[in-house]
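Peer 1: Sequence below, structure please.
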Amino acid sequence: MALLSAFALTGCAAAPESVLNPAGPVAQMQLSYMYLSFWIMAAIFLVVAGVLVVAVIRFRERRGQERELPPQVEGNTALEVVWTIVPILLLAILGVVTVAGSFTLARLAPSSRALVVQVTGHQYWWAYTYPSLGITTANDLHIPVGEKVDLELTSKDVMHAFWVPRLGGKTDLVPGRTNYMWIEADRPGVYTGQCAEFCGTGHADMRLVVEAQTPAQFQAWVQSMKHPSSVPASGLARQGYLDFKTAGCFACHAIAGTPYQGVVGPNLTNLAQRPMIAGNILRNTPANLAAWLRNPPGVKPGALMPNLHLSPSQVRALVAYLESLH
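Peer 2: Residues are numbered from 1 along each chain as shown. Below is the predicted model of the structure:
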């Protein structure tokens, strides 16, 4: 009993990535299919277990009973028909509901009405482009509450899988191919997820953050991305802006409003607004940012960002500059 209680209590913890706590119509629909299949399987289990218990009790060997074979009878046609037809009907129910749901979830909104986001998986981070808004960002996906968002998914290197459990199921990102899905959040909040396809050493640290905002908050974010403050005039941040070029950071990273337009690494526009860094594994603090700049592979094994062997003064200046991007 103690062991069973311990197992039961493990399911009582708060789970930020639980499929049992949907926050949008896609996740809610998929959860309803899970419940349907669960209750069908539970009913089958109860019937089979009940018949087994009755048979064990009723036909058990009794004291003084002669040990001989019971009367042998041929199969029961009616019973065989029932246990053939019933599974077919149950599978048909699951099949019809699942296929209908699959068509619903594959139905993208007309391009004139949808917010489209192009999602590209990298080892080990996410790139997001909003074609209609002219915005590119990384790792933090911003969406408006109550609006259907169509995702166009592809990969730059190996297979990945986009999965935010509270907003919807998994969809693969395949190099050279574009897959599609849509999500919608019915309440503001920050929803976490992760890559669900093993993609290399840093797979476990390829995490997802989707920030669902009210329409007003989303528009404010859009305006801040379109009109960033990216070129400091003086001070340590100004030196960091210059070091961003001399240290070679500009070759991989882009920052809107500057000449730095690299496409190899994550876009860093308004980086200071993001709650997490390093592919969403570290809180965005000056100390963590400094540790990341000093030795990225040491912080995140498998990270493709090299150790540039920056001097302490370069690290301080770069941190000051990146912290000013908001």
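
Peer 1: Could you use CA atoms for every contact and neighbour count after this?
Peer 2: Fine.

Peer 1: Show me where the stretch 101-250 of the chain has its helices.
Peer 2: Secondary structure of the stretch 101-250 of the chain (DSSP state H, counting those that start in this stretch): helices located at 215-226, 235-246.

Peer 1: Verify the assumption that residue 290 is located in a helix.
Peer 2: Yes - assessed by DSSP: H, G, I helix; E, B strand; the rest coil, residue 290 belongs to a helix.

Peer 1: ranges for the strands of the stretch 151-300 of the chain?
Peer 2: Using DSSP state E, counting those that start in this stretch, the strands of the stretch 151-300 of the chain run over residues 160-163, 171-173, 179-183, 189-195, 207-213, 276-277, 282-283.

Peer 1: how about those strands in JSON lines, adding mean pLDDT, distance to residue 255 and mean neighbour count?
Peer 2: As requested, the strands of the stretch 151-300 of the chain are exported to JSON lines (pLDDT from 0 to 100; distance: least, CA to CA, whole Å; neighbours: other CA atoms under 10 Å):
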{"stretch": "strand 160-163", "mean pLDDT": "96", "distance to residue 255": "25", "mean neighbour count": "25"}
{"stretch": "strand 171-173", "mean pLDDT": "95", "distance to residue 255": "26", "mean neighbour count": "22"}
{"stretch": "strand 179-183", "mean pLDDT": "93", "distance to residue 255": "28", "mean neighbour count": "19"}
{"stretch": "strand 189-195", "mean pLDDT": "94", "distance to residue 255": "24", "mean neighbour count": "19"}
{"stretch": "strand 207-213", "mean pLDDT": "95", "distance to residue 255": "20", "mean neighbour count": "21"}
{"stretch": "strand 276-277", "mean pLDDT": "92", "distance to residue 255": "15", "mean neighbour count": "19"}
{"stretch": "strand 282-283", "mean pLDDT": "92", "distance to residue 255": "20", "mean neighbour count": "14"}
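
Peer 1: out of the ones you listed, which comes closest to residue 113?
Peer 2: Among the strands of the stretch 151-300 of the chain, strand 179-183 comes nearest to residue 113, with 13.1 Å by CA to CA.

Peer 1: which regions of the stretch 51-200 of the chain lie under the pLDDT threshold?
Peer 2: Scanning the stretch 51-200 of the chain for pLDDT under 70 picks out 109-112.
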